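> next comes the sequence, and after it the predicted model I'd like to discuss.
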Amino acid sequence: MQQGDNDLFFEEMSDVQPLARGNVHANISTHRKSTPGQEERRRAAAEYLVDPNPLSMELRKRVQPHDFLFWKEAGIQEGVWKKLRLGKYKMDARLDLHLMTVKEARKELHRFLQDCKDNDIRTALICHGRGEQGDQKATMKSYSRQWLEEHDTVLAFHTAQRHHGGTNAVYTMIRKSEEKRIENREQYAKRNSQTC
């Protein structure tokens, strides 16, 4: 800057007053909109911290490749149980867990069972395989048995008949959705009031 420029600058700045220090505040009330990437990272972090999947990753009991799997909740009628065991129900959905890792299978089975319940699918065939190769025999079969017992949407399961995969698969009975239960109660009440 030349001497004339300095004089001109000071002349222009002569009536400028400095700001009082105590009155200066940053405006932090404005919110920036999150980017899609930030939203996805937040969602993934929340999912990691609060896993909605109730299925355990700790295997409690190992079964053998050719073992029969069966379990039913208390209160299942004997006729319903027999029909399930014999494969007499139409299988409205099917899930194949072959070639999945345990972690992938856990996620897929949980999603599948929830979808079945949400869509009022009552019976499904779940193919877990026998797991005869490798050191850890019947790993997926063992986890499948454990997970089906743990999941609150499952009422019963039984090893499939040979034409549906035999000891490679299980017939699975899924609990009715709340809407379907209410609908059935209403139909039952109508039938009973008409017969009286």
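Okay, I see it. Numbering: from 1, shown residues only.
> what segments of this structure are strands?
Using DSSP state E, the strands found in the chain span residues 70-72, 93-96, 123-127, 154-159, 169-174.
> so of the ones you listed, which one's packed in deepest?
strand 169-174 (a mean of 26; mean count of other CB atoms under 10 Å). For every residue, glycine as well, the C-beta is placed using N, CA and C.
> which residues touch it?
The contact list for strand 169-174, computed with CB atoms under 8 Å, 6 or more residues apart in numbering, reads 69, 76, 80, 84-85, 87, 89, 91, 113, 116-117, 121-128, 144-145, 148, 153-160, 164.
> rerun that using 7 Å as the cut-off
69, 84, 87, 113, 116-117, 121-128, 144, 148, 153-160 (CB atoms under 7 Å, 6 or more residues apart in numbering).
> between the strands of the chain, which one is nearest to T35?
strand 93-96 (35.5 Å; CB to CB).
> parallel or antiparallel, list what pairs with the closest one.
strand 123-127 (parallel) (DSSP bridges).
> alpha carbons of the partner strand, as CSV, please.
Extracted C-alpha coordinates of strand 123-127, given in CSV (Å, rounded to 0.1, in the frame of the first residue of the first chain):
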residue,chain,number,x,y,z
THR,A,123,-47.3,-72.9,6.8
ALA,A,124,-43.9,-72.8,5.2
LEU,A,125,-41.1,-75.1,4.2
ILE,A,126,-37.6,-74.2,5.5
CYS,A,127,-34.7,-76.0,3.9
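> quick one: the helices in the chain?
3-12, 36-49, 78-85, 102-118, 139-150, 178-195 (DSSP state H).
> counting by contacts, list what the third one packs against.
When contacts are defined as 3 or more CB pairs under 7 Å, 6 or more residues apart in numbering; DSSP states H and E, helix 78-85 packs onto strand 154-159.
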